[in-house]
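Trainee: Please work out how this folds:
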Amino acid sequence: MGLPDLIEIVPLAAPVQAHVTVPGSKSITNRALILAALADGETTLTGALWSEDTQIMVAALQAMGFEVTVANDPAEPGNRTITVQGAGGRIPQLPEEIFVGNAGTAARFLAAFVCLGEGAVKLHGIDRMHERPQGELFQVLRTMGYQVDSPNDKLPATIHGSGPRVAEGTVSLGESSQFASALLLAASTSGWRVNMAGASLDEAPYVRMTQELIAEFPKTGGTFGIEPDASSGSYFWGVNAFAEGVEVANWPLSGWQIDAQFTRFISAPREVSRRTDLGDSIMTAIVLAPLADRPTSFTYLGRLRVQECERVEALRTELTKCGARITEEGDSLHVEPSPDLHGAEVDTYNDHRMAMCFAMLGLKVPGMRLRDPACVRKTFPNFFQKLAAPPPDGLGAKICDGEGGQLAGEELFAG
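Mentor: Residues are numbered from 1 along each chain as shown. Model prediction:
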């Protein structure tokens, strides 16, 4: 049956003691899938996220002729064990087209990866993906000798693979760090040399993740474990801002995920930066900020504007609906304590993180209703099941449909 178009989150009635597991990291899973395909041998990825974005990547690899098998993970329903037979830096075949949905990692990583094959392939996605930046990545690929056909330097685009070659390209981190990660992943076996123009890796945590993952990944096959997704964990840790007693199991300690720092920001300091403090989980901190007893400024939010939706505007709009005192100035949001916070019918903009952030807030604020909650399928299909599961595995939250009927079990799965 699945999730209805409108749901209501009922606030927690009592303190909760919970020890929640979350699925594997999307960022690591999609990087690891590319590296496994490039490896010389069979690689088994354990704890790999199984969501819309990672399914798109698996389907793309299979369309390119890679042997990929997927098995259930008994420890976490949102994960899979994925085995990839690498081709030693080769791509067995290139299909005529590859659909990337609204998955930025797939769109960017595959744009560079398919250059290592032979032939032309059209990359395309949903309308929003066709609006998101690609131009700088395409330009770098062209300077390295590859043909990329796109009238506006966005998707849809046709990329002409002509195999590995000795080539050098320079990329900035201004629009998206995924451009650099895409080039570095393909460069791990292609002979490419990638320069990052004046970039400080202290301000580029996702690029640093890519570099460290490449260094540790088994090049000749083996087993590689995917750690839990820290961004997904932030929605559960965030509950502690108003109802202490929630922990996330197996919290990542590798240092690869910037959002593993989220626990430091549950009580927000006076300023939080998207550039140096938090990644996607800065959205979680923004939605919690109206509950704080002091003002908080969130800075360097420019990249949020070109992701699954225009997230800066979306956060300001929907929090304002809920009575939050929030102002937008440049690429910053300033949030004041908001004692009159109330529920509203929240538009999720087909953005998984908007849905999960406001669902978390609904555990505190009565009357929080979410449109299109099934958009969480992008990275966390069983998110609402986790909220509703009885403690200690979940929060025991009550989630209702638009008519007030309580939802349970498979009704809460965003398949």
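Trainee: Can you read off the backbone torsions of W50?
Mentor: Here is the backbone geometry of W50 (degrees, to the nearest 10): phi -120, psi 90.
Trainee: does it really touch P23, like I thought?
Mentor: Yes. The criterion here is Cβ atoms under 8 Å, and W50 meets it with P23 at 7.2 Å. To be clear about C-beta, it is placed using only N, CA and C from the backbone, and glycine gets the same treatment.
Trainee: Please list all residues in contact with F262.
Mentor: Taking Cβ atoms under 8 Å, 6 or more residues apart in numbering as the criterion, F262 is in contact with 230, 233-234, 237-238, 278, 281, 284-285.
Trainee: what do you get if the cut-off is 7 Å, keeping everything else the same?
Mentor: Residues in contact with F262 (Cβ atoms under 7 Å, 6 or more residues apart in numbering) are 230, 234, 237, 278, 281, 284.
Trainee: Give the residues shared as contacts by W50 and P23.
Mentor: Common neighbours of W50 and P23 (Cβ under 7 Å, 6+ apart) are 78-79.
Trainee: quick one: which of those two has more around it?
Mentor: With neighbours defined as other Cβ atoms under 10 Å, W50 and P23 compare such that P23 has more, 29 against 23.
Trainee: Skipping adjacent residues, who's closest to the more buried one in space?
Mentor: Computed as Cβ to Cβ, 6 or more residues apart in numbering, the closest residue to P23 that is not its neighbour in sequence is G78, at 3.3 Å.
Trainee: Is it correct that that neighbour is in contact with F383?
Mentor: No. Using Cβ atoms under 7 Å, G78 is not in contact with F383, being 8.5 Å away.
Trainee: where does G174 land on pLDDT?
Mentor: Note on G174: pLDDT of 79.
Trainee: try the one 4 residues further on
Mentor: We note a pLDDT of 95 for Q178 in this prediction.
Trainee: Name the nearest residue to it, sequence neighbours excluded.
Mentor: Once flanking residues are discounted, Q178 sits nearest to R108: 4.1 Å by Cβ to Cβ, 6+ apart.
Trainee: Contacts only, for the closest residue to A39 other than its chain neighbours.
Mentor: Among residues not flanking A39 along the chain, G86 sits closest, at 3.5 Å (Cβ to Cβ, 6+ apart). G86 is in contact with 36-43, 221, counting by Cβ under 7 Å, 6+ apart.
Trainee: Likewise for W237?
Mentor: Going by Cβ under 7 Å, 6+ apart, W237 touches 246, 248, 262-263, 266.
Trainee: same thing but at 6 Å, please
Mentor: Listed by Cβ atoms under 6 Å, 6 or more residues apart in numbering, the contact set of W237 reads 248, 262-263.
Trainee: Then A197?
Mentor: Counting by Cβ under 6 Å, 6+ apart, A197 touches 170, 172.
Trainee: How much space separates it from G174?
Mentor: Distance, A197 to G174, by Cβ to Cβ, to the nearest Å: 9 Å.
Trainee: Now do the shared contacts for these two.
Mentor: If you check A197 and G174 against Cβ under 6 Å, 6+ apart, no residue is contacted by both.
Trainee: show me where pLDDT drops low in the stretch 201-350 of the chain?
Mentor: Within the stretch 201-350 of the chain, the segments meeting pLDDT under 70 span 201-203, 268.
Trainee: Start from the N-terminal end of it and give the helices.
Mentor: For the stretch 201-350 of the chain, the helices defined by DSSP state H, counting those that start in this stretch cover 205-216, 230-237, 282-288, 311-321.
Trainee: again, but for the stretch 1-150 of the chain
Mentor: Counting by DSSP H, counting those that start in this stretch, the helices of the stretch 1-150 of the chain are 26-38, 52-63, 104-113, 135-143.
Trainee: Which one, of these, ends up nearest to W192?
Mentor: Among the helices of the stretch 1-150 of the chain, helix 104-113 comes nearest to W192, with 8.6 Å by Cβ to Cβ.
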